[in-house]
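A.B. asks: only geometry, no sequence info:
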């Protein structure tokens, strides 16, 4: 199995340009993209002559259309460029993200749980009416507390793990660091390998802990494994840069990362 992971910024023009060049060099026999699996049947429209970006996929449960989710694509979106490359070279595309049906169900369950908790507290005495000051629960207090005392002239975004890379490079603005190092880069040689290693280092210090994203990543690995079982041997896997380290060949072939 020859698996190449391309960690990108969604709607990053530099990533889109570098990805197109990388696909020309790799010539994969399948392209796997971070996107909801049930939308695969709509991807053929990307090759339609009249389909001009900006465009968007719309996914919603028929009985609750208010839960609609949009997946916008511009001409500078790496995903759009991957779709155009695949259509031009007659290479199949697979979508690997957790299906929207699952995500809608999780969202609904979370809302119902939050509503139930709110209703359970609504009957409790109001401390303010008793002349007492209401104090947050310990877990709430921890969430409200700053991560560290702010420095007089220091950056204010230390809660963003990616900011560590920017700070190490001398940037106070991590978005500007990404722009300079990734989006404005003219030489794409080894760019995606560098992104993969950078994200691997960051995730070693700041492991993913959000339940929904852990489930999404597990589903992505399952999907990539199923694509390999279909008989494809030269895979291009396209995902947000944060997910790249848990979708490489070691992660797919070995134990599932925690």
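C.D. replies: It's in. Predicted model only: the values in this text are computed from it and were never measured. Numbers count the residues shown, from 1 in each chain.

A.B. asks: State the number of residues packed around residue 186.
C.D. replies: Residue 186 has 7 neighbouring residues, counting by other Cβ atoms under 10 Å. C-beta: built from backbone N, CA, C; applies to glycine.

A.B. asks: Next, the contact list for it, please.
C.D. replies: Applying Cβ atoms under 8 Å, 6 or more residues apart in numbering to residue 186 gives no contacts.

A.B. asks: Tell me if it really is in a strand.
C.D. replies: No. Looking at residue 186 with DSSP: H, G, I helix; E, B strand; the rest coil, it is coil, so not inside a strand.

A.B. asks: For it, give me the backbone phi and psi.
C.D. replies: phi -90, psi -30 (degrees, to the nearest 10).

A.B. asks: From residue 14, how far off is it?
C.D. replies: Look at residue 186 and residue 14: by Cβ to Cβ, to the nearest Å, they are 9 Å apart.

A.B. asks: Determine how far the lengthiest helix in the chain lies from the middle of the whole chain.
C.D. replies: As assigned by DSSP state H, the longest helix anywhere in the chain is helix 100-122. What separates the centre of helix 100-122 from the centre of its chain is 23 Å, taken as Cα atoms, centre = their mean, to the nearest Å.

A.B. asks: Name the residues of that helix that are buried.
C.D. replies: The neighbour-count check on helix 100-122 (16 or more other Cβ atoms under 10 Å) flags 100, 102, 103, 104 as buried.

A.B. asks: want to try TSV for those, with distance to residue 54 and pLDDT as columns?
C.D. replies: Below are these laid out as TSV (distance: Cβ to Cβ, whole Å; pLDDT from 0 to 100):
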residue	distance to residue 54	pLDDT
100	21	85
102	27	87
103	23	86
104	24	85
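
A.B. asks: Let me know the helix or strand that the residue nearest to residue 73 when sequence neighbours are not counted is in.
C.D. replies: Closest residue in space to residue 73, ignoring its immediate chain neighbours: residue 80 at 4.3 Å, by Cβ to Cβ, 6 or more residues apart in numbering. Element membership for residue 80, per DSSP states H and E: helix 78-89.

A.B. asks: packing partners for the longest helix of the chain?
C.D. replies: Contact analysis of helix 100-122 by 3 or more Cβ pairs under 8 Å, 6 or more residues apart in numbering; DSSP states H and E lists helix 211-229 as its packing neighbours.

A.B. asks: Quick one: low-confidence residue ranges for the chain.
C.D. replies: Low-confidence segments of the chain (pLDDT under 70): 123-159, 254-258.

A.B. asks: So residue 47 is in contact with residue 87, correct?
C.D. replies: Yes. Between residue 47 and residue 87 there is a contact under Cβ atoms under 8 Å: 3.7 Å.
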